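[1] Need a 3D model of the following:
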Amino acid sequence: MLRPSYSDLIEVVNSDIEPGEQPVVQSRYSIVIAASKRARQLIDGAEPLVGGSYRKKPLSVSVDELYKGKVKLIGEEEAEALENQRALAEEMAAQAEEAAELNNSELEGETEAEALSQASTLEAESAEEGNGEAT
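    All right, here's what the predicted structure looks like:
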């Protein structure tokens, strides 16, 4: 039998809900899905958020994390908002990286142009000096 019980888990997960708001978890199915998603994260390499997880199976660790309130479940609307924020942040980071690369390439281009200009000036000066010595 699962310890803590489904009803205990649902109460803990919904304990942060203010009166009048819809609970995040409304059924056993929802709590099982949440625990399995967290277990999958643990299997994929996420660090456990509770102590004593050595030698425990990922599902047991995820249930323990839910019961101790270490993992916060969010509703679909909040998940969409977070995903939109994450996508916007990634887009802004990509744009900043492109701008930095463009800026660096422009600076390198200016440096190359300055070097070519200085080289041609030096060649012209040395040619004039060479002409002056021959006369």
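[2] State the distance from Glu77 to Arg40.
    22 Å (CB to CB, to the nearest Å). Placement of C-beta: from N, CA and C, glycine included.
[3] who's more crowded, those two?
    The neighbour comparison of Glu77 against Arg40 (other CB atoms under 10 Å) goes to Arg40, with 13 against 8.
[4] Just read off the phi/psi values of Pro48.
    phi -60, psi 140 (degrees, to the nearest 10).
[5] and the closest residue in space to it that isn't next to it in sequence, how many neighbours?
    Residue nearest to Pro48 in three dimensions, not counting chain neighbours: Val61, with 5.1 Å by CB to CB, 6 or more residues apart in numbering. By other CB under 10 Å, the residues close to Val61 number 22.
[6] and Val61, what helix or strand is that in?
    Remark: Val61 resides in helix 58-67, with elements defined by DSSP states H and E.
[7] Now tell me what touches that helix from outside.
    For helix 58-67, contacts defined as CB atoms under 8 Å, 6 or more residues apart in numbering pick out 2, 4, 8-9, 12-13, 31, 34-36, 38-43, 48-50, 53, 56, 71, 73.
[8] and stretch 21-39, what's its mean pLDDT?
    Throughout stretch 21-39, pLDDT has a mean value of 84.
[9] whoops, stretch 79-96 was the one
    Stretch 79-96 shows a mean pLDDT of 87.
[10] Report the distance from it to the chain centre.
    Relative to the centre of its chain, stretch 79-96 is centred 9 Å away, using CA atoms, centre = their mean, to the nearest Å.
[11] Could you do stretch 13-23 as well?
    Here stretch 13-23 is found 28 Å from its chain centre; the criterion is CA atoms, centre = their mean.
[12] Quick check: end-to-end length of it?
    Criterion CA to CA, to the nearest Å; first-to-last residue distance in stretch 13-23 is 9 Å.
[13] domains of the chain?
    Per the record, the chain has its domains at 1-73, 75-135, by automatic domain parsing.
[14] Out of those domains, which one sits most buried?
    Highest mean neighbour count of those: domain 1-73, a mean of 15 (counted as mean count of other CB atoms under 10 Å).
[15] element containing the most centrally placed residue in the chain, please.
    With distances taken as CA atoms, centre = their mean, the residue of the chain nearest its centroid is Arg86 (7.3 Å). For Arg86, the host element (DSSP H and E) is helix 76-134.
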